[in-house]
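Asks: model the structure of this input:
(chains A, B, C and D)
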There are 2 protein chains.
Amino acid sequence: MKDAKAKVLLVDDEPDILEIVGYNLKNEGYQVFTAENGEEALKIAKKKKPDLIILDVMMPVMDGIEACEKMRKMPELDDTVITFLTARGEDYSMIAGFDVGADDYITKPVKPRVLVSKVKSLLRRRENVAPETSNILKLGNLVIDRDQYKIIYKKEEMILPRKEFELLSLLTTKPGKVFKREEILDVVWGNEVIVGGRTIDVHIRKLREKLGDDSFKTVKGVGYKYVK
Amino acid sequence: MKDAKAKVLLVDDEPDILEIVGYNLKNEGYQVFTAENGEEALKIAKKKKPDLIILDVMMPVMDGIEACEKMRKMPELDDTVITFLTARGEDYSMIAGFDVGADDYITKPVKPRVLVSKVKSLLRRRENVAPETSNILKLGNLVIDRDQYKIIYKKEEMILPRKEFELLSLLTTKPGKVFKREEILDVVWGNEVIVGGRTIDVHIRKLREKLGDDSFKTVKGVGYKYVK
DNA sequence: CATTGAGTTAACCTAAAGCTAACATGGATT
DNA sequence: AATCCATGTTAGCTTTAGGTTAACTCAATG
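Replies: Numbering: from 1, shown residues only, chains lettered A, B, ... in the order given. Below you'll find the predicted structure:
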């Protein structure tokens, strides 16, 4: 698990909090760094590139808002999740917090158990944000939306059966490239499954039926390719 | 970084959105322009030629769909990525969006960080049009594309039958080198298959037919070589 | 001018892809 | 639980492109 060795930077001016929360996080297997103010936090963040930063809002020297703002400008923290720690009631800080690029906030006082589970969920979320690389592919009059498992062909929206979709999906990752049958089996079926020799053909045929004959070219003895 | 100075045009009729999103994008180093309706957006787009346009669908005066349609007709925006902002649920707008030439869509509400990472990925995608790392071999007026299993000879694209392609492929790996018939059989046919004595000749003949006589030189008693 | 290896041609053969319908499966729906 | 339906797979047949062969011709060499 990546989470097992995830790095967390904890920033608060109260040593008590650093200790208690830090202890609980370490217990969960996180690698914990601490800082007592924003300035210090920035230095450590730059050096350690933590996966998650928990930032108290009210701090001397440099408050959390300002620190967060600066962190968000640091390219090495692109993939870092930042969350604020705020005393209950300071509602305004939360709003300002989102403006400066924070991902979440936690209100104090917080039970360690609750905090830990929040940390977990934040780190999990981060992984779900990363593959946010929009999964839409446009090729002439064909649009493939890998997120929604649907395609739009000649302005008509349609959903394809899974295998067909995956086959199409594969072929269109590199239009023009010839994919060997073996390659196709590996990716679409998985190299442990063994399917008959005509299975690919049948799916190609169905795709041709739906998306037009000429988009899928056969290269005999080799495989198939998608052409615009 | 090119991204550092990329121009983004943000179009929405809600000033709040313009401010929050605009703020976050500026924070990332983008040069941000804003417009409150499609008409205004068109003017700014024409003048500033942004790299990315984020377009709300629902707007007074001129909606995003119409604006997009008009933008796509402007030659100065050929290299511009256009993405829609749509409230979750208005699914139809997405489909219509692709019809009028949008490249992607983003659903509201969206967290600033998510939006920023989406923006990055969209701008990255735009730059990624070129780096097609394929194995292409160029030899004078002959181009051999092993991925696409096709060749281009004198600017004319053609696909060769498998054996011919492989034979050509082999000979061109070392132009000028003489390949013994035995070597050719090993590579193209596989050393277990036994084929008659005239088989190679026939394939050479077909290649000569297609690619010109003089490219393939016979070395009597030995084999063949490819010469430019 | 005989021998040897390569070129040419068209007929032939075959492996690979196309096609169709039947069968299997698993997930919904009632 | 029983049924239904969409998807996926298979078997078996047809079709075809590609590959091979055989038979003959040609050119070079000694």
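Asks: quick one: the helices in chain A?
Replies: Taking DSSP state H as the test, the helices found in chain A are A:15-27, A:38-48, A:64-72, A:91-99, A:112-129, A:162-173, A:181-184, A:199-211.
Asks: which stretch in these has the least confidence?
Replies: Confidence, taken as mean pLDDT, is least for helix A:91-99 of the helices of chain A (a mean of 55).
Asks: so A:V222 is in contact with A:V178, correct?
Replies: Yes: look at A:V222 against A:V178 with Cβ atoms under 8 Å: they come within range, at 5.5 Å. (Each C-beta comes from the backbone N, C-alpha and C, glycine too.)
Asks: for the helices of chain A, give me a markdown table that also has mean neighbour count.
Replies: Output for these, formatted as a markdown table (neighbours: other Cβ atoms under 10 Å in any protein chain shown):
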| stretch | mean neighbour count |
| --- | --- |
| helix A:15-27 | 15 |
| helix A:38-48 | 18 |
| helix A:64-72 | 22 |
| helix A:91-99 | 15 |
| helix A:112-129 | 15 |
| helix A:162-173 | 18 |
| helix A:181-184 | 15 |
| helix A:199-211 | 16 |
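Asks: identify whichever of the ones you listed lies nearest to DNA strand D.
Replies: Comparing the helices of chain A against DNA strand D with Cβ to the nearest atom of the strand, the closest turns out to be helix A:162-173 (3.2 Å).
Asks: hang on, the earlier thing: have a look at A:V222 and A:V178 and say which one is more surrounded.
Replies: Using other Cβ atoms under 10 Å in any protein chain shown, the more surrounded residue of A:V222 and A:V178 is A:V178, with 22 against 16.
Asks: for the more buried one, give me its contacts.
Replies: Listed by Cβ atoms under 8 Å, 6 or more residues apart in numbering or on different chains, the contact set of A:V178 reads A:219, A:222-225, B:147-149.
Asks: so which two of these are the farthest from each other?
Replies: For those, the farthest-apart pair by Cβ to Cβ is A:Y224 and B:D147; their separation is 13.1 Å.
Asks: with neighbour numbers in mind, choose between these two.
Replies: Comparing A:Y224 with B:D147 by other Cβ under 10 Å, the one with more neighbours is A:Y224, at 23 against 16.
Asks: B:Y149 versus the more buried one, what's the distance?
Replies: The gap separating A:Y224 from B:Y149 is 11 Å, by Cβ to Cβ, to the nearest Å.
Asks: got a pLDDT number for A:Y149?
Replies: pLDDT recorded at A:Y149 is 85.
Asks: what's the closest non-adjacent residue to it?
Replies: A:F165 (6.0 Å; Cβ to Cβ, 6 or more residues apart in numbering or on different chains).
Asks: so that neighbour touches A:Q148, yeah?
Replies: No: applying Cβ under 8 Å as the test, A:F165 and A:Q148 come out as separate, 10.5 Å apart.
Asks: so the residue nearest to A:Y149 versus A:H203, what's the distance?
Replies: Applying Cβ to Cβ, the value for A:F165 to A:H203 is 10 Å.
Asks: just A:D213 next, same as before
Replies: In this structure, A:D213 and A:H203 are 15 Å apart, going by Cβ to Cβ.
Asks: repeat that for A:K225.
Replies: From A:K225 to A:H203 the distance is 15 Å (Cβ to Cβ).
Asks: any buried residues in the top strand by length along chain A, and which?
Replies: Ranked by residue count, the top strand of chain A under DSSP state E comes out as strand A:81-87. By neighbour count with 16 or more other Cβ atoms under 10 Å in any protein chain shown, strand A:81-87 contains the buried residues A:81-86.
Asks: nearest to DNA strand D, of the residues you listed?
Replies: Ranked by distance to DNA strand D (Cβ to the nearest atom of the strand), those are led by A:V81 at 35.7 Å.
Asks: surely the closest one touches A:I53?
Replies: Yes: at 7.3 Å, A:V81 counts as touching A:I53 under the criterion of Cβ under 8 Å.
Asks: so what sits against both of A:V222 and A:V178?
Replies: Shared contacts of A:V222 and A:V178 (Cβ under 8 Å, 6+ apart): B:Y149.
Asks: wait, A:R208 touches A:F216, no?
Replies: Yes: using Cβ under 8 Å, A:R208 is in contact with A:F216, at 5.4 Å.
Asks: please parse chain A into its domains.
Replies: A:3-132, A:136-226 (automatic domain parsing).
Asks: can you give me the end-to-end span of the shortest one?
Replies: When you say that, I think you mean domain A:136-226. End-to-end span of domain A:136-226 (Cα to Cα, to the nearest Å): 17 Å.
Asks: show me which residues of chain A are close to DNA strand D?
Replies: Applying Cβ under 7 Å from any atom of the strand, we find that chain A lies next to DNA strand D at A:159, A:161-164, A:189, A:193-196, A:198-199, A:202-203, A:220-221.
Asks: ok, 6 Å please
Replies: Proximity of chain A to DNA strand D (Cβ under 6 Å from any atom of the strand) is limited to residues A:161-164, A:195-196, A:198-199, A:202, A:220-221.
Asks: OK, contacts around A:F216?
Replies: By Cβ under 8 Å, 6+ apart, A:F216 lies in contact with A:171, A:204, A:207-208, A:224-227.
Asks: how many other residues sit next to the residue nearest to A:K138 when sequence neighbours are not counted?
Replies: Spatial nearest neighbour of A:K138, excluding adjacent residues (Cβ to Cβ, 6+ apart): B:D103 at 6.7 Å. B:D103 has 20 neighbours, counted by other Cβ under 10 Å.
Asks: quick one: residues contacting B:D103.
Replies: By Cβ under 8 Å, 6+ apart, the contact list for B:D103 reads A:136, A:138, B:81-83, B:122.
Asks: how close does the closest residue to A:K26 other than its chain neighbours sit to chain B?
Replies: Leaving out its chain neighbours, the residue that sits closest to A:K26 by Cβ to Cβ, 6+ apart is A:V32, at 5.2 Å. A:V32 sits 23 Å away from chain B, taking Cβ to the nearest Cβ, to the nearest Å as the criterion.
Asks: isn't A:V32 right up against A:N24?
Replies: No: assessed by Cβ under 8 Å, A:V32 is found out of contact with A:N24, at 9.4 Å.
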